[in-house]
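# here is a sequence together with a model predicted from it:
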Amino acid sequence: MGRPPWADRKVSSGDRGVSTQAGILYVVATPIGNREDMSRRAERVLDEVDCIFCEDTRHSGRLLAELGINTPRFSLHEHNERMRIDAVLQRLLAGESCALISDAGTPLINDPGFALVRAVRDAGVRVVPVPGAAAVIAALSAAGLPTDRFGYEGFLPAKAKARRERLAALAGDPRTLVFYEAPHRLKEMLADAAMAFGAVRPACVAREITKLHEEFRDGSLEELCAWADREPNAARGEIVVVIGGASGEAAAARRLNTDEVLRALLEELPASKAAKVASKLTGEKRQLLYQRALELSGETPA
Ligand code: SAM
């Protein structure tokens, strides 16, 4: 049977503008849970290439064995990626075609591969994506929050101070924001996000996407904090948090939230100090908070 017109040719040498002798590096997405999300093209490419570079050869070995693919595999993970680059380049320049896969989803999306792809492109060798699942896109597609503009933030810093600073810096971003989160940090992350973005900001926690216990839980950040507190399963499995962007309404709600912060601080501190601490907590300009603190406290300016 002939190849359909939309299919690419059998994996082979390069294309215009790139080395014609060299092979191709295919960046191949694999499922994020449900094996049926493996595309036929991904399967064919992994079967036809000369070798596959895997984030974890044993982990990917199970998927490849299920698919009956026996292509030689080599490891390429965050600890050996730079050392591997020369070996991959040599193979490509000798005319071999290689594939890059990660443990799940799309390589380079919070997975190894960036340094390799950069080096391969710099060497004038063609890099071809074989797209498929990525948790960020799957979460966005079903979360019910605007998708016309979005920002992918990956994992927030693990340390509370750095996480709060990053969230404060994002509080005014009008785009929907997508975060990957470790299950044991979900509660703290939602609480910090509620503090930075305001309790009423709409959000969605997407858990175990495409798997047996898939769950999309939406609500305001405050509602999601309460849900994460009372529901033990909230902090299980793999998690994406999608948060709606700052809108006029959200900004107004956030002002309410900064008022709450200021009121609490004004119980203990003079307006100038309260504004300084509130600015650190909320990311709002100190001068604006000072004016507001004076209004709330009735204090006269120093
Ligand atoms: N390359 C992957 C992709 O394309 O999405 C991401 C790899 S990153 C190391 C792993 C993180 O992605 C998880 O901690 C989780 O935040 C998110 N993730 C991956 N699979 C997921 C799933 N099935 N459901 C929810 N989140 C998932």
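Arrived safely.

# residue ranges for the helices of this protein, please.
Ranges of helices within the chain are 40-48, 57-66, 81-93, 114-122, 135-143, 160-170, 186-197, 221-230, 248-266, 271-282, 286-297, based on DSSP state H.

# can you lay out those helices as JSON lines showing distance to the ligand and mean neighbour count?
For every residue, glycine as well, the C-beta is placed using N, CA and C. Below are these laid out as JSON lines (distance: least, C-beta to the nearest ligand atom, whole Å; neighbours: other C-beta atoms under 10 Å):
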{"stretch": "helix 40-48", "distance to the ligand": "13", "mean neighbour count": "18"}
{"stretch": "helix 57-66", "distance to the ligand": "12", "mean neighbour count": "14"}
{"stretch": "helix 81-93", "distance to the ligand": "14", "mean neighbour count": "16"}
{"stretch": "helix 114-122", "distance to the ligand": "12", "mean neighbour count": "16"}
{"stretch": "helix 135-143", "distance to the ligand": "3", "mean neighbour count": "20"}
{"stretch": "helix 160-170", "distance to the ligand": "15", "mean neighbour count": "16"}
{"stretch": "helix 186-197", "distance to the ligand": "10", "mean neighbour count": "22"}
{"stretch": "helix 221-230", "distance to the ligand": "15", "mean neighbour count": "18"}
{"stretch": "helix 248-266", "distance to the ligand": "24", "mean neighbour count": "17"}
{"stretch": "helix 271-282", "distance to the ligand": "26", "mean neighbour count": "20"}
{"stretch": "helix 286-297", "distance to the ligand": "34", "mean neighbour count": "17"}
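
# can I get these in TSV with distance to Thr30 and mean pLDDT?
What follows is the helices of the chain, written out as TSV (distance: least, C-beta to C-beta, whole Å; pLDDT from 0 to 100):
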stretch	distance to Thr30	mean pLDDT
helix 40-48	7	98
helix 57-66	6	97
helix 81-93	18	96
helix 114-122	17	98
helix 135-143	12	98
helix 160-170	29	96
helix 186-197	25	97
helix 221-230	29	97
helix 248-266	36	73
helix 271-282	41	88
helix 286-297	48	87
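
# make CSV from the ones you listed and add distance to Glu208 to it.
Output for the helices of the chain, formatted as CSV (distance: least, C-beta to C-beta, whole Å):
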stretch, distance to Glu208
helix 40-48, 22
helix 57-66, 18
helix 81-93, 28
helix 114-122, 27
helix 135-143, 10
helix 160-170, 23
helix 186-197, 13
helix 221-230, 15
helix 248-266, 28
helix 271-282, 32
helix 286-297, 40
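
# closest one to Ile239 among these?
helix 186-197 (5.9 Å; C-beta to C-beta).

# circling back: out of the helices of the chain, the one nearest Arg73 is which?
Arg73 sits nearest to helix 57-66 of all these, at 4.7 Å, using C-beta to C-beta.

# please save the CA atoms from the closest one in PDB.
Output in PDB follows, covering the C-alpha atoms of helix 57-66 (Å, rounded to 0.1, in the frame of the first residue of the first chain):
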ATOM      1  CA  THR A  57      16.000   3.300  28.800                       C
ATOM      2  CA  ARG A  58      14.200   0.900  31.200                       C
ATOM      3  CA  HIS A  59      11.100   3.100  31.500                       C
ATOM      4  CA  SER A  60      10.800   3.600  27.700                       C
ATOM      5  CA  GLY A  61      11.800   0.000  27.100                       C
ATOM      6  CA  ARG A  62       8.400  -1.100  28.500                       C
ATOM      7  CA  LEU A  63       6.500   1.200  26.000                       C
ATOM      8  CA  LEU A  64       8.700   0.100  23.100                       C
ATOM      9  CA  ALA A  65       8.300  -3.600  24.000                       C
ATOM     10  CA  GLU A  66       4.500  -3.200  24.000                       C
END
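
# ok, the nearest residue to Glu181 once chain neighbours are set aside - how many residues close by?
Distances taken as C-beta to C-beta, 6 or more residues apart in numbering place Ile239 nearest to Glu181, at 4.8 Å, with adjacent residues excluded. Look at Ile239: counted by other C-beta atoms under 10 Å, it has 23 neighbours.

# what about Ser247, neighbour count?
Counted with other C-beta under 10 Å, Ser247 comes out at 13.

# Gly105 now?
Other residues close to Gly105 by other C-beta under 10 Å number 25.

# next up, the contacts around it.
29-32, 111, 132-135 (C-beta atoms under 8 Å, 6 or more residues apart in numbering).

# could you pull out the buried residues of stretch 200-211?
200-210 (16 or more other C-beta atoms under 10 Å).

# oh sorry, the question was meant for stretch 29-37
Buried residues in stretch 29-37, counted by 16+ other C-beta under 10 Å: 29-33, 37.
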